[in-house]
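> From the sequence below, what's the structure:
(chains A and B)
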Amino acid sequence: MLRRLKFIAALGVMLHLGWLASAEQRFPPPDFESGYRMPATSTPAARQLWLQYADAGVLLAALGTAVWLIYKQRSRRGLFWLSLFSLAYFGFYRKGCICAIGSPQNIACALFSPDYAVPVTALLFCFAPIVVALFAGRAFCAGVCPHGALQDFMLIKPVTVPPWLEQALSVVPYIFLGAGLIYAGTGTGFVICRYDPFVPFFRLSGGSFILTVGAAFLLAGMFVGRPYCRFLCPYGGLLRLASLASKWRVRVTPDSCTQCRLCEQSCPFGAMREPAPAGISPPGLGAARKRLGWLLALLPVLVAAGGWAGSKLSPAAAQLHPTVALAERFVRQQSAPVQYGLMTPEALSLQRAAGNPEAILTAAADLRHRFDLACWLFGGWTGLVIGLKLVALSLVPSRTDYEPDRGACLACARCFTACPNERVRLGWLPAAEKPAPL
Amino acid sequence: MNTARLHRALLLTAWIAGVYCLLVCAVMVYEHFAAASNDPWKSPQLLALKEKLAAQPKSAALQNEIRRLDQEFRRNFRQRLALDKSGAWLLLGGTLALVLAAGKAAALQKKLPLPQPKTDAGESFLKLAARARRALAGLAVAVAGLLLTIGLVNTSVLPANQAAKLPGQAGAAEAAPDESAPAPAEFQANWPRFRGWDGSGVAGQTNCGTNLAWRSPIPAPGHSSPVVWGDRVFISGGTAAKREVFCYSVSSGALLWRQAVENVPGSPPKAPEVPEDTTYAASTMATDGRRVFAIFANGDLGAFNFDGAVVWSKYLGPLKNPYGYAASLAVWGTNLLIQLDQGETPAEGSKLISLQAASGRVLWERSRPVSASWATPIVIEAAGKTQIITLSKPFVIAYTLAGGEELWRAELLDNEVVPSPVFTGGLVFLLNPASKLIALRPDGAGDVTKTGVAWANEENVPDIVSPAGRGELVFTATSMGLVKCFQAADGKKNWETNLDTEVMASPGIVGDRLVILGENGSLMMLRAARECQEIGRSQLPDKFLASPAFAGGRMFLRGTTNLYCLGPEAAPPAKQP
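Numbering: from 1, shown residues only, chains lettered A, B, ... in the order given. This is a model prediction of the structure:
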């Protein structure tokens, strides 16, 4: 019964958000045929500089608070309230922008587009969580990211994703990151932001496609903990890498691990890892070493194959760029004309192209060249990611206790109170009931 | 309160909140779909009124009723948005109550896990790793397949190589366009644009017959004058629904082909309204000997080969012209020139455009500080430069042909400019309509308003008909039929005569004859000399507004209903194919 009620609650939240988002539909403009000119579309002024710095200050303060709550207070409740604040501030107040998840695109755009200067705040939003992750793991995901907070609140009945599937899908964020960077680097646009499933909810405005995707993620998030964070978030991929090298790491127990396995089931994100297996036979180890050697040798082949496959994607991928898309439409229009409506974006863009077709076509050709290289790099990157993951899956870990995976752990602090030692530390259990280490 | 009772209370609260949320949701969903299916913009009532308005466009009552309905629909729409927002907040409140109650109830019933020790850790680890590798390999194959499929399905129509190989303005012809230009002598022998190869109205031939060789019906209205190249004569015509080019045989008058200018990229499906007196095809076509070009008042510009196939097309509109666009195209070598003056003030987008005739590629484009005009530019060789002379209120401006750079300008025009300029005897002759005939030296630089005028005459100046000039003499004709002859060098009037007929067509000069075509069909021949002498006069059964064309010893006249060819010998009328 409780599950049903929670389901209704989650459905209610989704409907509410989706409803507000879809309520932004526009009423069509009147038919003016009397010479009236529609007012020019105006662009809202940029956010004031001091407010941008204030956003960065809030980010830094929230990151610091998250680290303090994770490592000093070991407080799930504190992280919950911090998440709530982040959801309200970075989500609904700042409407998902500026956002650390999309910020690597700003960097890529600045690197490859000479006429784009990356704002200092974008730099801070991009690098501050990564720097924190280098020292303290994914504190950003734990309590600062509004996307994570929204999914966290939707979680009703977490089911365990099969670990083999979890491992295989963990490469997807890197592939998405690669795609986002090449599109940003070629000046096409920020596809990570464009296809962000939650920003439309924050903004109460969005297309039906992305609203549907967002609703699907929230629905899935009722049973699968943070599906976007684990299987798609490109920034999460970066934080995962940084966390692998983090100076401090989240520990379930404040003392020694009793190997009671109580913590194993407390993580809804499949991040808990058991101690290194002790019962692997020598023949099994030999096969594992041989496999590792083969996979290392295969790595360049995977990169080359990925690059080749990526290069085949180039003509199609380039069509997402507005200039290339316009050139394509313009040329197609000559051979197979399509009658577009009066004053539609298509008709207006074709009119613009007809004014100076050479410029459009030349620019499209230049972009196609850039995409040739970018797609090759994207394919090679994809091959590298898959190859490295295959290698990682052929390594035998050396841990001795139950502990969270450094990269996968979202530092949500749910596992802390599952540990009997932590309960003793908190005074929830008498010291006499402290279990003895195995 | 004990735990069991608290749990029941929380559950009850959660259920009430849940039912409340569902009810609010149901009402909102119903409202949403009801609103979506009753799109006020597609209201039958509104659409019916709009149809009525189309039939009675000046009905103030209908207009007011439409405005009232429109406002009512908008008000309803805004009210619905406000209701949506209220409903959403009600829903949020209910959801919060539900979450809090259900969460608290769940916490009261939470059961702790009781895991057992694991004995097969090593084996299960190896199995898990193997399965994950297989899954990853499957994912890799799926990703590669997806990339390749996307790449294969979404093909590009752009060439893979450099932009130079891209079609400038793709057309039906696949082969590389012939970018060569015919020899100047060929241009002079034909009639490739409005008023002949150089726009002066002077024919390359020295005589032409006046016998009716043939006449052929014109399928669509228009005032564009004929252009002639080789054995083909071209005219344009059209309506709001369709604009076309017509090609006739010079020898027989047969309509060889007709081709519509349609599906032009960017061109709106509904053509703007153009005054009936102007028509959609007032602009005379032009040909470079390889292709023929036509522009219409809706802004569509099309290029066709001599077999009628579309070579390229482009939309240059919308054209802001109070009487409808009527300036004609000009061709010089491989350049197609378009004087696109528009608006009622100098800042409304007037421009001069040079296109590569073969491909339609824009060679250059210059903004012009002038308002709308109806005059056609001419290209002259003067002061060591190839100059484009343009007229429009308030400036005469000369540009270089090569790059469109402005050479000089003179502020001499203060009326709406219809007559086109001519160049003869080293001077440019232009009309400030109904005000002045001006002779201008084309060798200046910068502002030549005060320095460039050689002479001017202010007596009975034409307002519509362009002058004609040949060597030492310049001729003007007013729309009331008053013809004058001036000395080109000093503006001395040699003679004037009143033909007693209205004239809209600009005169032509063939050999030593000045040909003037009256609106009522009177075809008058005068001696193009210092002394006035009327050689002959004949009558055609049509109304004529377009100017005559001369080529191959023949004269081509466009009436409102027929195209006429006058030649040395009479021939039977052509049969239509």
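> For the one helix or strand residue B:88 maps to, give the mean pLDDT please.
Under the criterion DSSP states H and E, the helix or strand holding residue B:88 is helix B:60-108. Regarding helix B:60-108, the rounded mean pLDDT is 81.
> so how far is that helix off the chain centroid?
Taking C-alpha atoms, centre = their mean, to the nearest Å, one finds helix B:60-108 lying 46 Å from the centre of the chain it belongs to.
> Also stretch B:22-42?
What separates the centre of stretch B:22-42 from the centre of its chain is 44 Å, taken as C-alpha atoms, centre = their mean.
> Would that stretch count as contacting chain A?
Yes: part of stretch B:22-42 sits close enough to chain A to count as contact by C-beta under 8 Å from any C-beta of the partner chain, namely B:22, B:25, B:28, B:32, B:41. For glycine as for every other residue, the C-beta is placed from the backbone atoms N, C-alpha and C.
> residues of that stretch that come out buried?
By 16 or more other C-beta atoms under 10 Å in any protein chain shown, the buried positions in stretch B:22-42 come out as B:22, B:24, B:25, B:28, B:32, B:35, B:40.
> and residue B:260, what does it touch?
In this structure, residue B:260 makes contact with B:242, B:243, B:244, judged by C-beta atoms under 8 Å, 6 or more residues apart in numbering or on different chains.
> Show me the residues you listed that map onto strands.
For the contacts of residue B:260, the ones inside strands are B:243, B:244, with DSSP state E as the criterion.
> Got a quick PyMOL command for the buried subset of the contacts of residue B:260?
This is the PyMOL syntax for the buried subset of those, where burial follows 16+ other C-beta under 10 Å:
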select buried, chain B and resi 243+244
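> of the contacts of residue B:260, closest to chain A?
When the contacts of residue B:260 are compared for distance to chain A (C-beta to the nearest C-beta), residue B:242 wins out at 13.8 Å.
> The closest one and residue B:263 touch, don't they?
No: using C-beta atoms under 8 Å as the test, residue B:242 is too far from residue B:263 to be in contact (11.7 Å).
> Tabulate the buried residues of stretch B:22-42 (TSV), appending distance to residue B:69, pLDDT and secondary structure.
As requested, these are exported to TSV (distance: C-beta to C-beta, whole Å; pLDDT from 0 to 100; DSSP: H, G, I helix; E, B strand; the rest coil):
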residue	distance to residue B:69	pLDDT	secondary structure
B:22	36	85	helix
B:24	31	85	helix
B:25	32	77	helix
B:28	26	76	helix
B:32	23	70	helix
B:35	17	72	helix
B:40	8	70	helix
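> out of these, what pair is the most spread apart?
Taking every pair in the buried residues of stretch B:22-42 and measuring C-beta to C-beta, the maximum separation is 28.8 Å, between B:22 and B:40.
> Tell me the helices and strands packed up against the host helix or strand of residue B:12.
Assigning secondary structure by DSSP H and E places residue B:12 in helix B:3-37. Using 3 or more C-beta pairs under 8 Å, 6 or more residues apart in numbering or on different chains; DSSP states H and E as the contact criterion, the neighbours of helix B:3-37 among helices and strands are helix A:2-22, helix B:60-108.
> For it, what is the distance to the chain centroid?
Going by C-alpha atoms, centre = their mean, the spacing between the C-alpha centre of helix B:3-37 and its chain's C-alpha centre is 59 Å.
> Next, the angle from that helix to helix B:60-108.
Between the axes of helix B:3-37 and helix B:60-108, defined by axes from the mean of the first three to the mean of the last three C-alpha atoms, to 10 degrees, the angle is 160 degrees.
> what's the next secondary structure element after helix B:3-37?
Under the assignment DSSP H and E, the closest C-terminal helix or strand after helix B:3-37 is helix B:44-55.
> Would you mark the buried spots in that next one?
Going through helix B:44-55 with 16+ other C-beta under 10 Å, the ones that come out buried are B:46, B:49, B:53.
> Export those residues as JSON lines, with columns for distance to chain A.
Putting the buried residues of helix B:44-55 into JSON lines (distance: C-beta to the nearest C-beta, whole Å) gives the following:
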{"residue": "B:46", "distance to chain A": "10"}
{"residue": "B:49", "distance to chain A": "12"}
{"residue": "B:53", "distance to chain A": "10"}
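> could those go into a markdown table alongside pLDDT and distance to residue B:357?
As requested, these are arranged in a markdown table below (pLDDT from 0 to 100; distance: C-beta to C-beta, whole Å):
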| residue | pLDDT | distance to residue B:357 |
| --- | --- | --- |
| B:46 | 82 | 48 |
| B:49 | 86 | 48 |
| B:53 | 82 | 44 |
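> Give me the below-cutoff pLDDT ranges for chain B.
B:1, B:36-38, B:41, B:112, B:121-122, B:159-179, B:347, B:569-577 (pLDDT under 70).
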